[in-house]
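> here is a sequence together with a model predicted from it:
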2 protein chains.
Amino acid sequence: MTSEQRRARRVTLLDVAREAEVSRATASLVIRKSPLVADETRRRVEAAMDRLGYVYNMGAAGMRAARSNTVGVIVPNLANPFFAEMLAGIEQALEGAGMVVVLANSREAPANQETILRRMRERGVDGVILCPVAGTRPALLGKAAGWKLPVVQALRHVSESECDYAGVDYAGGMRQAVEHLRALGHRSIAFGTGGPVHSAYRERLAGFCAAMEARGLDPGVTIELPVAPPFPPEAARRLIDHPARPTAAICFSDVMAACLANSFADAGVAVGAGFSIVGFDDLAVAEMARPRLTSVATFPGEVGEAAARLLLSRLESPERGDRRLISLTRLVARDSTAAAPARD
Amino acid sequence: MTSEQRRARRVTLLDVAREAEVSRATASLVIRKSPLVADETRRRVEAAMDRLGYVYNMGAAGMRAARSNTVGVIVPNLANPFFAEMLAGIEQALEGAGMVVVLANSREAPANQETILRRMRERGVDGVILCPVAGTRPALLGKAAGWKLPVVQALRHVSESECDYAGVDYAGGMRQAVEHLRALGHRSIAFGTGGPVHSAYRERLAGFCAAMEARGLDPGVTIELPVAPPFPPEAARRLIDHPARPTAAICFSDVMAACLANSFADAGVAVGAGFSIVGFDDLAVAEMARPRLTSVATFPGEVGEAAARLLLSRLESPERGDRRLISLTRLVARDSTAAAPARD
């Protein structure tokens, strides 16, 4: 197409995208002044608009969009800092795209969650970011699909669901934790777990078992712990007296790890030198606990941001295939892990 | 009025309220199935409706209301569990009243806050619950009043503002902390502070000074601390070497208290027996820290709930006078405070 031909008809956004060698979705993000576009890309698209004399058709955009520019966010437990961090990431990304968050707390109850989703639909949200509660039926996502309500799952996902998902490589995180302890000479490693059974729970547990077995270690030493204080004072004692004589434990969360560490201190066993403990998620408590906790960082704020991006791209391209963004973890070594004590 | 006369004209909500001996606002909450009404009151109002043959006029209610049933909530720092707890309380109360939360995070920046408030107005929220950032100009609230946008302040308030406010008796909390330490024999008590200067900051600091002076103690020993980890390792050293030889410290927040306690432990001084520390807010970290922190509970979830109630009552009665709900604190004694060590 020559530039004369181009001017003969109205220049479209697709023309701009082709000229700038980006996708139509990216060009659209530039127009909507989304912060999700790299500066260099933005400059390229803006230059292409100038060259082609592109005029943004506000009316048509409004028509096509007919959007409320609101996004529903359903979290299972607002008082848990893990979800507050995810929410902060979502809010930041959506705010940058000129959208607002409509928030609801499902309190880990499937019935609440279903009511909330229905109400959000009635209110005309453009889409929903959902961290599904344990026991969510896959049919719920089917229902949303029937409503043409885009849903992105975050941090947890409903099994068998066909749906966008921004999550964490929990299994990889468990491998890092097991490898860290193995390198320190630990062979009998317990797993501290508890709380509702959802995909993140299953993936952490399965990841621990797989990582242990891959190294020829027994994954059978587990201890059930509450998800929040107060903790049973005998928690450490159960591990100290365990016939497998574990020298370390990996916990499902930082809160569990911090509380288990306290239980060991109460039992007169020094955490670090005497018994090693690894937390999971690397929330602020890991840095504040004493000894400071070795933990596997899962970056919930960044996962929230990724979920928001998936939803924005879904709104831009309703027909695109489902995507899964799995963010990798990082082991942060601190003082709660040390070389395994010599055993007779 | 006889029951014949009553039936001669349409029974109004005010009639129901009088019959049930409650306010019109309360009767209205019963109709809207608000969870904020005590069961006994609800039964009384429902019985009065039955007796009078009251029929809820949906059309009129819809006309008068013309509401979006959305409430904007602006928090200064979503990643801080203190605000996440407040948000959970707001969300729970509003959800029960059939309203949804539109959330925004001002990130402690006045410019963000102003943009957010303007956008929320454009989006037609029915009202806003605002925890104002440090440096908020009173003119901002005047602007909202000019827009006829109801605003309730929560946890912090802008000085000189005429506006509903749900807050905490921070000064009372500081009195409890000082009294607790004084009863344990402490006379030289330091104050650990830091972060942005807003009303909650000023009230905590002024409350500490007033409580000390009322007992003839010197409030002049202060230490500036960061609001989040990592902490300067020499924090404890600065108090240990202080000429006033403080034997205890009251901190602005639990996080500061936990980090200061760690700093003392690093310096080889036992917190509790050797040096007493009191936190503020009584978040989960107080129970998890070792030693477990004595702290002043401020119940941010309940303050959020109170703020939501103030907003609901404002929507019901736009012309009522401004109200302030100040929630009282409670000292929770744990292991970080003990009798003052004997001094030569």
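Now that the structure is in, tell me what you want to look at.
> what ranges do the helices span in chain A?
A:3-8, A:13-20, A:24-31, A:39-52, A:58-65, A:81-96, A:110-122, A:138-146, A:170-183, A:199-214, A:235-240, A:254-266, A:284-288, A:300-316 (DSSP state H).
> let's have those in JSON lines, adding mean pLDDT.
Converted to JSON lines, the helices of chain A look like this (pLDDT from 0 to 100):
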{"stretch": "helix A:3-8", "mean pLDDT": "44"}
{"stretch": "helix A:13-20", "mean pLDDT": "86"}
{"stretch": "helix A:24-31", "mean pLDDT": "80"}
{"stretch": "helix A:39-52", "mean pLDDT": "83"}
{"stretch": "helix A:58-65", "mean pLDDT": "40"}
{"stretch": "helix A:81-96", "mean pLDDT": "93"}
{"stretch": "helix A:110-122", "mean pLDDT": "91"}
{"stretch": "helix A:138-146", "mean pLDDT": "91"}
{"stretch": "helix A:170-183", "mean pLDDT": "98"}
{"stretch": "helix A:199-214", "mean pLDDT": "96"}
{"stretch": "helix A:235-240", "mean pLDDT": "94"}
{"stretch": "helix A:254-266", "mean pLDDT": "93"}
{"stretch": "helix A:284-288", "mean pLDDT": "92"}
{"stretch": "helix A:300-316", "mean pLDDT": "96"}
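> wait, which of the ones you listed is closest to B:Leu149?
Closest approach to B:Leu149 among the helices of chain A (CB to CB): helix A:81-96, 19.4 Å. (C-beta placed from N, C-alpha, C; glycine too.)
> that closest one to helix B:81-96, inter-axis angle?
80 degrees (axes from the mean of the first three to the mean of the last three CA atoms, to 10 degrees).
> list of residues touching helix A:81-96?
The contact list for helix A:81-96 (CB atoms under 8 Å, 6 or more residues apart in numbering or on different chains) reads A:34-36, A:71, A:73, A:75-78, A:100-101, A:103, A:129, A:131, A:154-155, A:253, A:281, A:283-285, A:300-305, A:307-309, A:312, B:78-81, B:84, B:103-105.
> can you list the residues of chain A near chain B?
Applying CB under 8 Å from any CB of the partner chain, we find that chain A lies next to chain B at A:70, A:73, A:78-81, A:84-85, A:87-88, A:91-92, A:95, A:100-105, A:119-120, A:123, A:228-230, A:255, A:258-259, A:262, A:265, A:284-285, A:287-290, A:301.
> swap the cut-off to 7 Å and go again
Contact residues (CB under 7 Å from any CB of the partner chain) of chain A with chain B: A:78-79, A:81, A:84-85, A:87-88, A:91, A:95, A:100-105, A:123, A:228-230, A:258-259, A:262, A:265, A:284-285, A:287-288, A:290.
> how many other residues sit next to the closest residue to A:Arg175 other than its chain neighbours?
Sequence neighbours aside, A:Ala211 is the residue nearest to A:Arg175 in space, at 4.4 Å (criterion: CB to CB, 6 or more residues apart in numbering or on different chains). Residue neighbour count, defined by other CB atoms under 10 Å in any protein chain shown, stands at 24 for A:Ala211.
> ok, now which ones touch A:Ala211?
A:174-175, A:178 (CB atoms under 7 Å, 6 or more residues apart in numbering or on different chains).
> for A:His198, see how far away it is.
20 Å (CB to CB, to the nearest Å).
> who's in contact with the closest residue to A:Met256 other than its chain neighbours?
Nearest residue to A:Met256, sequence neighbours excluded (CB to CB, 6+ apart): A:Leu225, at 4.8 Å. By CB under 7 Å, 6+ apart, the contact set of A:Leu225 is A:192-194, A:231, A:235, A:256, A:260.
> who wins for most neighbours among these?
With neighbours defined as other CB under 10 Å, the most crowded of those is A:Met256; it has 27 neighbours.
> measure it to chain B for me?
To chain B, A:Met256 is 11 Å away according to CB to the nearest CB, to the nearest Å.
> wait, isn't that residue in contact with A:Gly195?
No: here A:Met256 lies out of contact with A:Gly195, judged by CB atoms under 7 Å, at a distance of 8.7 Å.
> hang on, the earlier thing: closest one to A:Ala248 among the helices of chain A?
Closest to A:Ala248 of these, according to CB to CB: helix A:170-183, at 4.9 Å.
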